[in-house]
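Visitor: What would the 3D arrangement of this be:
(chains A and B)
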Amino acid sequence: MALEKFGLIFKDNRCEIKDKEKILSKLKVILGEKNVSTREIDLIAYSKDSTLITLNWRIQGQLAALPDLITWPENNDQISKILKLANEEKIPIIPYGEGSGVVGGAIPIYGGIIIDMKKFNKILEINDKDLTVTVQAGMNGMNLERYLNAKGYTCGHIPQSIYMSSVGGWIAHRAAGQFSTKYGKIEDIVLGLEIILPQGEIIKLKTIIRAATGPQFDKLFIGGEGTLGIVTKATLKIWPYPEKRELISYAFPTIEDSLEAIRNILRNQIYPAVIRIYDTSETSRHFPQIKEAKDKVMAVFVCEGNERLVNLEGIITREKCEDNKGANCGEEPVEHWFETRFRVTETSFGPPYKIVFDTIEVSVMWEHAAELYHLVLDSVKKVKGNLHITAHASHFYPNGVGFYFTFSGVATGGKSDFEFYQECWDAVIDACVKAGGSIAHHHGIGINRARWMEKEWGKALRSLIDIKNLLDPNNILNPGKTYFPPEKGGAK
Amino acid sequence: MSILEQLKKYKWMIPIIANADRDVKRIVLKNFRLKKKNFYPQGEYKADVKNLINCMLCLKMCRFDCNSLQGAKTESMAPAYKSLIGYYLSVGKIDPSKEENKDFINLMYECCNCENCKIWCPFDFSVVSLLETVRDDINDKGLTPSYIKEQIEKLNKTHTIEDTNIFKTYEEKGIENIESDGNDDVFYYIGCEMMKFPEVVKANIEILKKAGIKFSTNLDKRWCCGAPLFNTRHLDLAKEYAKQNIDLITSSGAKLVVTDCPGCADTLLNRYEKIGVKLKVKVIHILQLFKQLIEENKLILKTQIPEEFKNVVYHDPCLMSRNLNVISEPREVLKKIPGLNLLEPICNEKYTHCCGYSGTLHWANNDLAEKISQNRVNELIETGANIIVTACPLCELGLEKGIEDNNKKKIKIIDLTELIAKVI
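Guide: Okay, here's the model as predicted:
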């Protein structure tokens, strides 16, 4: 057995499947022979998602966790039947899209059955009048966007993970894309859903533009992280492909100046599709060729859409930047961002040197934005073993901002990589909570953040758990995550 | 990414490490020093471990366009996962010699060589080039899979990838063999798979003759170009094939090689050089020559295309568009065909998708090759075309397998030469 040579990180509390052969044969009846596997080559493939600490484990020959069975359903009925079987046998189910999540949302920490959604990959309809696309949830993001672009549209939802994430993953983890200031986050884009509830019931939330029909049920699933249901189909907003794009960049003396400029742009109801600021460390790292930006904070903007509107957005964006000590750096930094935004090699750099590396995104209202930034930096620098902590901000609102921190370091004093990693996470999240921020902007909770959910939600967490228990009384759907720290939750 | 580019990219790390506290700096420097001891294989190996690591730890930006992953719809077929398994086989975490680990060895061959990954890779890798280095070690350990050995046996026996030397079937197929007198202008290098399409070969010969070109084919002396030997990493044997082919071409006196197979063109042009053998004669795809002949009025496309061949979609063969950069020429020829309506699929030119039947995949996992072919055929059909035209015999064979039953009567796959033959 190849598996015997691998260490397992999440090895406690694994579910016990008494008669795996029986489950396997039942699954084969539901799905057909080719859509179920217990082969080691498949089990290892689904032992991980893209959580960065798992890269350190991977090179060290350790698996994050190990599923027991892998399934590739092709229709709703099959998923429904798998869920019914899992309820009868009390086996955890882990929905899996493209595995781009970075908080452990798809890691099978208790083992169980993976439901891989990749065969739900059809674009069902584009409605030009309504400006919608209806798509199955396993659809890869870039393949959707590429299809839409060829037909003259864009979804406007372009997360950095677009090449490796799925529509279902966007919805499950409440994603936000790089162009979100104009087009909105995934919760602004989803207009209709089809969901299979934990006990196998298939429900359809019809496509609506807006309704006042009682509490809006869809919100439970946009961010449900695969704990409350499995989304199988979604209707999303689309837009005609923008006719004009304007690229703008400014360098500011301080992070405060840059935040102030952007706050004033949005206060004037100007919504560039892309707004990004990089603190001085990240500016020197990403834009060393821009002399005007040396030791400064770089801000890049992309305004796009109707030509006349873009022209106006450009004028006001420039005006507000210049009012706040911004120095015009032209189009080059933005072109550089376009060229490099998906060409990430950094994740491969650290693990061979046992360097632990991760990114953490949080959000905060304007009032405490700069304070949060400085508090997080100070807090992480104090963690023994830390090598660097930097930030950029890539999501802005008239009322606040989402920061994106990057840290690296090495475990010291006999600590494991995971212990050091968790200390860094603690430092970021403690500082964030202290500054009045929210602990996750667009990656979600998964296993990484579950231990702070009580701090984030207070007593309201109880109500969330009540809803989870009501919909999933056997706690079979993605257990041990989101609401419960892994050691406290899950079907055993 | 070059070493210089890498140094430039990670320059920002230097002051960070220099300014770290003493303990941390000590640990980091130790980790840098011990990288190979910690994570590289012991003893002799050929695997490109450094880049397997880079690939397996990458965020996998290529996966959406990987034909084998999109065909199989399983994480086990993801490019970075193949590199991860290649790494585990190389460091012995997965023992390649154990029968129970056969799946992992097979994965090293389950790639269709389309090299779509290279377009999106931040390191500019083609994953198959990394897997090939793992195949080297597999061969050296005597663990070559049986389906690969079968191909090598055929090559040893017939000098082609077929059970008999397919070049020698020219007579029964009605193909004229043109022996060289040592003073030719052009050598028409027929691909062994193109011998399965005698109408195309015959049409090519007819066009070359009409254009007044002095050329030869030397089918009695022909061997395969050796591409399968490069894919399976039997490079010593590949060298023998390269020398035989170069001698044959050189002896014809030709200053130009035209071939009907992009795989042959790529091998003669690019792969021979990688094993230290160079063909000094220019090599082009035959369509490049046809385009030139049309421009010089030596090949005149005069008749209207028959109605049933009017709606055409062109499928770019991977090797032709990405490795040979022959993209505009077939389109220019097609646009000159009177009455032809050229349609384009969403993924075309450099972004074309694979027919499934290249590399070693169809030997290791024929079902997946067929699924990839099906995906591509469906993309091509979506344009509304009823004729798929291509310029590669392997694509033609591959795409044929991907036509689903309900489309069999609606769609036809042909070589571009066959269209030309209808209008001259």
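Visitor: same question for whichever strand in chain A runs longest, mean pLDDT?
Guide: Of all the segments assigned as strand in chain A under DSSP state E, the longest by residue count is strand A:386-397. For strand A:386-397, mean pLDDT is 97.
Visitor: for chain B, what are the nearby residues on the stretch 251-400 of chain A?
Guide: The stretch 251-400 of chain A comes close to chain B at residues A:281, A:284-285, A:288, A:342-345, A:347-349, A:351-355, A:384-388, as judged by C-beta under 8 Å from any C-beta of the partner chain. Yep, even glycine has a C-beta here, placed from its N, CA and C like the rest.
Visitor: Among the residues you listed, which are located in strands?
Guide: If you go by DSSP E, these have A:386-388 in strands.
Visitor: Domain-wise, how is the chain divided?
Guide: No chain specified, so I'll use chain A. Using automatic domain parsing, the domains assigned to chain A come out as A:2-118, A:123-240, A:244-340, A:346-448.
Visitor: my bad, chain B
Guide: Residue ranges for the domains of chain B, per automatic domain parsing: B:34-143, B:147-294, B:301-423.
Visitor: how about these in JSON lines, adding mean neighbour count?
Guide: Putting these into JSON lines (neighbours: other C-beta atoms under 10 Å in any protein chain shown) gives the following:
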{"stretch": "domain B:34-143", "mean neighbour count": "21"}
{"stretch": "domain B:147-294", "mean neighbour count": "19"}
{"stretch": "domain B:301-423", "mean neighbour count": "20"}
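Visitor: would TSV of those domains with distance to A:W366 and mean pLDDT be doable?
Guide: Formatted as TSV, these follow (distance: least, C-beta to C-beta, whole Å; pLDDT from 0 to 100):
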stretch	distance to A:W366	mean pLDDT
domain B:34-143	31	97
domain B:147-294	57	97
domain B:301-423	42	96
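Visitor: I'd like to know which of these is closest to A:L266.
Guide: Closest to A:L266 of these, according to C-beta to C-beta: domain B:34-143, at 30.1 Å.
Visitor: How far off centre is that closest one?
Guide: Once both centres are worked out by C-alpha atoms, centre = their mean, to the nearest Å, domain B:34-143 turns out to sit 18 Å from its chain's centre.
Visitor: Quick one: end-to-end length of it, please.
Guide: Chord length of domain B:34-143, first to last residue, is 31 Å (C-alpha to C-alpha, to the nearest Å).
Visitor: next one: stretch A:279-287 to chain centre, how far?
Guide: 24 Å.
Visitor: Skipping adjacent residues, who's closest to the residue nearest to the spatial centre of chain B in space?
Guide: The structure's chain B has its C-alpha centroid closest to B:L319; by C-alpha atoms, centre = their mean the separation is 4.8 Å. Leaving aside its sequence neighbours, B:L319 sits nearest to B:P262 (C-beta to C-beta, 6 or more residues apart in numbering or on different chains; 4.1 Å).
Visitor: Could you look up the SS state of the nearest residue to B:R233 once chain neighbours are set aside?
Guide: On the basis of C-beta to C-beta, 6+ apart, the spatially nearest residue to B:R233 that is not a chain neighbour turns out to be B:R135, at 4.5 Å. Assigned state for B:R135: helix (three-state reduction, DSSP: H, G, I helix; E, B strand; the rest coil).
Visitor: Test my guess that B:R135 contacts B:T232.
Guide: Yes. If you go by C-beta atoms under 8 Å, B:R135 and B:T232 touch, sitting 6.9 Å apart.
Visitor: just how off-centre is the worst-scoring helix or strand of chain A on mean pLDDT within its chain?
Guide: Taking all helices and strands of chain A together, the one with the lowest average confidence (mean pLDDT, DSSP states H and E) is helix A:346-349, at a mean of 92. Chain-centre distance of helix A:346-349: 19 Å, with C-alpha atoms, centre = their mean.
Visitor: what helices or strands is that helix leaning on?
Guide: In this structure, helix A:346-349 packs against strand A:356-365, helix B:49-56, with contacts taken as 3 or more C-beta pairs under 8 Å, 6 or more residues apart in numbering or on different chains; DSSP states H and E.
Visitor: buried sites along the longest one?
Guide: Of the residues in strand A:356-365, those scored as buried under the neighbour-count criterion (16 or more other C-beta atoms under 10 Å in any protein chain shown) are A:356-364.
Visitor: do you know how far the residue nearest to B:L319 is from chain A?
Guide: Taken as C-beta to the nearest C-beta, to the nearest Å, the spacing of B:P262 relative to chain A amounts to 25 Å.
Visitor: in stretch A:336-354, what's buried?
Guide: Of the residues in stretch A:336-354, those with enough neighbours to count as buried (16+ other C-beta under 10 Å) are A:336-337, A:342, A:345-354.
Visitor: ok, the residue nearest the centre of chain A - contacts?
Guide: For chain A, A:H443 is the residue whose C-alpha lies nearest the centre (C-alpha atoms, centre = their mean; 3.0 Å). Contacts for A:H443 (C-beta atoms under 8 Å, 6 or more residues apart in numbering or on different chains) come out as A:101-103, A:173, A:360-361.
Visitor: Recalculate using a threshold of 10 Å.
Guide: When contacts are counted by C-beta atoms under 10 Å, 6 or more residues apart in numbering or on different chains, A:H443 is found next to A:51, A:100-103, A:105, A:159, A:161, A:173-176, A:359-362, A:404, A:449.
Visitor: now swap in B:S321 and tell me
Guide: When the contact criterion is C-beta under 10 Å, 6+ apart, the partners of B:S321 are B:262, B:315, B:327, B:330, B:348-352.
Visitor: Apply 8 Å and report the result again.
Guide: In this structure, B:S321 makes contact with B:327, B:349-350, B:352, judged by C-beta under 8 Å, 6+ apart.
Visitor: Among the residues you listed, name the ones in strands.
Guide: Counting by DSSP E, no part of the contacts of B:S321 is found in strands.
Visitor: Can you pick out the most distant pair from these?
Guide: When C-beta to C-beta is used, the two most widely separated members of the contacts of B:S321 are B:I327 and B:T352, lying 9.1 Å apart.
Visitor: what do these two both touch?
Guide: B:316, B:321.
Visitor: Nearest spatial neighbour of residue 174, chain-adjacent residues omitted?
Guide: As the question left the chain open, I've gone with chain A. Take A:R174 and drop its neighbours on the chain: the residue closest to it by C-beta to C-beta, 6+ apart is A:G223, 3.6 Å away.
Visitor: hmm, I had chain B in mind actually
Guide: Once its chain neighbours are removed from consideration, B:G174 has its nearest residue in B:P198; the separation is 6.3 Å (C-beta to C-beta, 6+ apart).
Visitor: Regarding the residue nearest to the centre of chain A, what is its secondary structure?
Guide: Judged by three-state DSSP, the three-state class of A:H443 is coil.
Visitor: one step back: export the buried residues of strand A:356-365 as a markdown table, with columns for pLDDT.
Guide: A markdown table is the format used below for these (pLDDT from 0 to 100):
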| residue | pLDDT |
| --- | --- |
| A:V356 | 97 |
| A:F357 | 95 |
| A:D358 | 97 |
| A:T359 | 97 |
| A:I360 | 98 |
| A:E361 | 98 |
| A:V362 | 98 |
| A:S363 | 98 |
| A:V364 | 98 |
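Visitor: Strands of the stretch 51-200 of chain B, residue ranges please.
Guide: Counting by DSSP state E, counting those that start in this stretch, the stretch 51-200 of chain B has these strands, from start to end: B:186-189.
Visitor: Near chain A, which residues of it are found?
Guide: Proximity of the stretch 51-200 of chain B to chain A, by C-beta under 8 Å from any C-beta, involves residues B:53-65, B:70, B:73-76, B:78, B:81, B:84-85, B:87-88, B:91, B:93-95, B:98, B:100-101, B:103-104, B:107, B:120, B:122-123.
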